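Student: Sharing a model prediction with you, sequence too.
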Amino acid sequence: MSRDAEMGWILAKLKRPEPAAFVLAGAPGVGKTRLASEAAKSAAGLGFITAQAVASRAAAAIPFGPFAPFLPEAGYSPGDLLGLLRMASDAILDRAGPDRRLLLVVDDAQFLDEGSAALVHQLVQKGACSVVASLRTPGPAPEPVTALWKDGLAERIDLTTWGEQETEAVLSAVLGGPVAISSVRRLWEVSQGNALYLRELLIGAVDSGALIETGGIWSLRLPLTAPGRLVELVASRLSGLAPGTVAVIELLAAGEPLGVPVLDKITNPAGLEDAEAQGFVQVYQDGRRTMARLAHPVYGEALRQSLPRSRLRRISATLASAIEATGARRREVGSMLIYEPDLIERGRAWLNVATGELSGACEILEAAADQAAAVRLRVAEARVLHDMARLGQPGAVAPRLAALAESTDGDLVPALAGHAAALVTGNASDLEAAGHALEALGAWLLAAEAYLAAAAAYRSDGYARPASALTRRAGELAALCGDVSSPGLSFGTQTERLTRREREVAGMAAAGASSREIAAKLVLSVRTVDNHLQNAYSKLGVTSREELARVLRS
């Protein structure tokens, strides 16, 4: 995806007899330098002489450092700033000649020293030559550079990031073939349409084998991580920042989003202000709370991979102590918001599932859903309720999920609600549609479960072909998730023949629980447990708990 519109506009102005000036503004990595470079190449084809001045954070303290190539090797005093300004201006005017056919490209103008910034402003104001300057935003810039567009001396062209559709077009063009929707979305979510970050993520994903071509379609087969080059790129952006600024960024990488009051407790407020001004952090209002998060997902991905584990643990401990010290309620402490119902309680529930205790798992999940609802964590509530649907109780949660889908932005909650509703009806086409919606979101395990349920329904209705196709696709998606098992992956297997209670008793027995222990946990008699167990043996064709465990694992 090129910047054809912006390039066309620049060249149209350069073809006019009078000099033109442009400021290309945008976030790091959106393609400012690339566009300026391409403009210089095209200008050379139009008969322009081109020259470049590159500013940097490291050289910002050196007077006229970016214009050193224009200055004579001897015969001037570094302390004579006015003389240096005059000499640099004269040297550039000599290059431009009487027809002023010179294009000066100034890269990273936000780092220009005062003298260099004044020189650029003077050249543009006098119409001495054409100028294309790139400027990183948001962030501070020298006043003479800001005055270029503020005073109407130069045209400011804001370069934005790509949307999801543009990202898909770029990926397809670069890879030479279509890309799975879920993979496009994941690459777009992490890159946020930033050209540089997308490029590095794509190179890393292909080189590592995470992104591969199967059947003519490119798709992610492994989790997307920040490659080494991208980690180094983020690290280079952090170098030179004040220690207090870096501390804020690292804290957010470990636990974003965070409430500003929490950050103020453990950092210098000036650090947060600087991090926001430099474009690393966004501060926003969430109801009555003032929150902070990293300005780009790549920053968090790269920092979490590059920071030593011991430092991450120390940062996490600092955050925990600060949150406890504020005395704030749980709903007032920022990615900490979802830990209890969505991670801790769900983890406890799935630990029960692993030992076959489905009833206990659902009790935990029901309480967690109520806890999430009490503090208006709608997405967390939906995820917990959806787990209950997956564990055999879709009828109990489908209406509540449907209501949440109506009041929640985004595609996730409606997809979860659609899956639960389809599990209630058992309709094959509804289950297949739910699988497609989940796969589009990158929820591969959930999509596999929906596809297997749809395959079982199609098979029951006598439609073998769609049943086979969906079973195959479910297997491919499940393989992407690694060595994983869940009750939802049992559709179409022998265990599907078991009732919910028989499956629960069999699972607990396979995990090593005795009949008496199972009876105590499920509040049943030992005889009832043994009856359920014998029914499971008969349906699965096994004669011992060891064989039962092997069948359930397979």
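Tutor: On my side now, so go ahead.
Student: quick one, strands of this protein?
Tutor: For the chain, the strands defined by DSSP state E cover 21-26, 49-54, 102-107, 130-136, 155-158, 211-214, 217-220, 258-259, 281-286, 289-294.
Student: Would you mind giving those strands as TSV with mean neighbour count, mean pLDDT and distance to residue 365 added?
Tutor: Glycine gets a C-beta too; all of them are placed from N, C-alpha and C. Output for the strands of the chain, formatted as TSV (neighbours: other Cβ atoms under 10 Å; pLDDT from 0 to 100; distance: least, Cβ to Cβ, whole Å):
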stretch	mean neighbour count	mean pLDDT	distance to residue 365
strand 21-26	24	94	45
strand 49-54	18	91	57
strand 102-107	24	93	55
strand 130-136	26	94	47
strand 155-158	16	94	47
strand 211-214	16	86	34
strand 217-220	20	86	29
strand 258-259	23	86	27
strand 281-286	15	88	26
strand 289-294	19	89	27
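Student: how about those, which one is nearest residue 376?
Tutor: strand 281-286 (11.0 Å; Cβ to Cβ).
Student: Contact partners for the residue nearest the centre of the chain?
Tutor: What sits nearest the mean C-alpha location of the chain, by Cα atoms, centre = their mean, is residue 190, with 3.0 Å. Shown in contact with residue 190 (Cβ atoms under 8 Å, 6 or more residues apart in numbering): 197, 201, 224, 297-298, 301.
Student: again, 10 Å this time
Tutor: For residue 190, the contacting residues are 197-198, 201, 224-226, 230, 296-298, 300-301, by Cβ atoms under 10 Å, 6 or more residues apart in numbering.
Student: so how far is residue 94 from residue 443?
Tutor: 63 Å (Cβ to Cβ, to the nearest Å).
Student: who has more neighbours, those two?
Tutor: Remark: of residue 443 and residue 94, residue 443 carries more neighbours, 21 against 10, as counted by other Cβ atoms under 10 Å.
Student: number of nearby residues for the closest residue to the more buried one other than its chain neighbours?
Tutor: Leaving aside its sequence neighbours, residue 443 sits nearest to residue 415 (Cβ to Cβ, 6 or more residues apart in numbering; 7.3 Å). A total of 26 residues lie near residue 415 under the criterion other Cβ under 10 Å.
Student: Residue 415 and residue 277, how far apart?
Tutor: 38 Å.
Student: all helices for the stretch 51-200 of the chain, in order.
Tutor: For the stretch 51-200 of the chain, the helices defined by DSSP state H, counting those that start in this stretch cover 81-96, 114-126, 143-150, 164-175, 181-191, 195-208.
Student: Can you tell me the closest non-neighbouring residue to residue 218?
Tutor: residue 179 (4.5 Å).
Student: Tell me who's in contact with the one you found.
Tutor: Contacts of residue 179 were listed using Cβ under 10 Å, 6+ apart, and they are 167-172, 185, 187, 202, 211, 213, 217-220.
Student: Tell me the one among those nearest to residue 405.
Tutor: Set against residue 405, the nearest of these by Cβ to Cβ is residue 185 (19.0 Å).
Student: shaky segments in the stretch 451-554 of the chain?
Tutor: 491-496, 553-554 (pLDDT under 70).
Student: and if we set it to 80?
Tutor: For the stretch 451-554 of the chain, the stretches with pLDDT under 80 are 482-485, 490-500, 503, 539-541, 548-554.
Student: Quick check: the gap between residue 543 and residue 356.
Tutor: 19 Å.
Student: Compare the two (neighbour count), which wins?
Tutor: Taking other Cβ under 10 Å, residue 543 and residue 356 do not tie; residue 356 has more neighbours (23 against 10).
Student: Got phi/psi on the more buried one?
Tutor: Main-chain dihedrals, residue 356, degrees, to the nearest 10: phi 90, psi 0.
Student: And the pLDDT for the closest residue to residue 18 other than its chain neighbours?
Tutor: Closest residue to residue 18 apart from its sequence neighbours, by Cβ to Cβ, 6+ apart: residue 127 at 6.5 Å. For residue 127, the pLDDT comes out at 90.
Student: measure residue 127 to residue 15 for me?
Tutor: Counting by Cβ to Cβ, the gap from residue 127 to residue 15 is 16 Å.
Student: the more surrounded of these two?
Tutor: Between residue 127 and residue 15, counting by other Cβ under 10 Å, residue 127 is the more crowded of the two (13 against 10).
Student: Pull the contacting residues for the closest residue to residue 112 other than its chain neighbours.
Tutor: Using Cβ to Cβ, 6+ apart and skipping the chain neighbours, the partner closest in space to residue 112 is residue 55 (4.8 Å). Residues in contact with residue 55 (Cβ under 10 Å, 6+ apart) are 65-67, 106-113, 116-117, 120, 133-134, 142, 145.
Student: Burial check on residue 16, number of neighbours?
Tutor: Residue 16, neighbours per other Cβ under 10 Å, totals 9.
Student: Count residues in the vicinity of the residue nearest to residue 459 when sequence neighbours are not counted, would you?
Tutor: Nearest non-adjacent residue to residue 459, counting by Cβ to Cβ, 6+ apart: residue 467, 4.1 Å away. Close neighbours of residue 467, defined as other Cβ under 10 Å, add up to 22.
Student: before we move on, what about residue 138?
Tutor: Counted with other Cβ under 10 Å, residues neighbouring residue 138 total 15.
Student: Kindly state the pLDDT recorded for the nearest residue to it once chain neighbours are set aside?
Tutor: Excluding its sequence neighbours, the residue lying closest to residue 138 (Cβ to Cβ, 6+ apart) is residue 279, at 4.6 Å. Confidence at residue 279, expressed as pLDDT, is 87.
Student: what's the distance between residue 279 and residue 296?
Tutor: With the distance defined as Cβ to Cβ, residue 279 ends up 9 Å from residue 296.
Student: which neighbours do these two share?
Tutor: Common neighbours of residue 279 and residue 296, counting by Cβ under 10 Å, 6+ apart, are 27-28.
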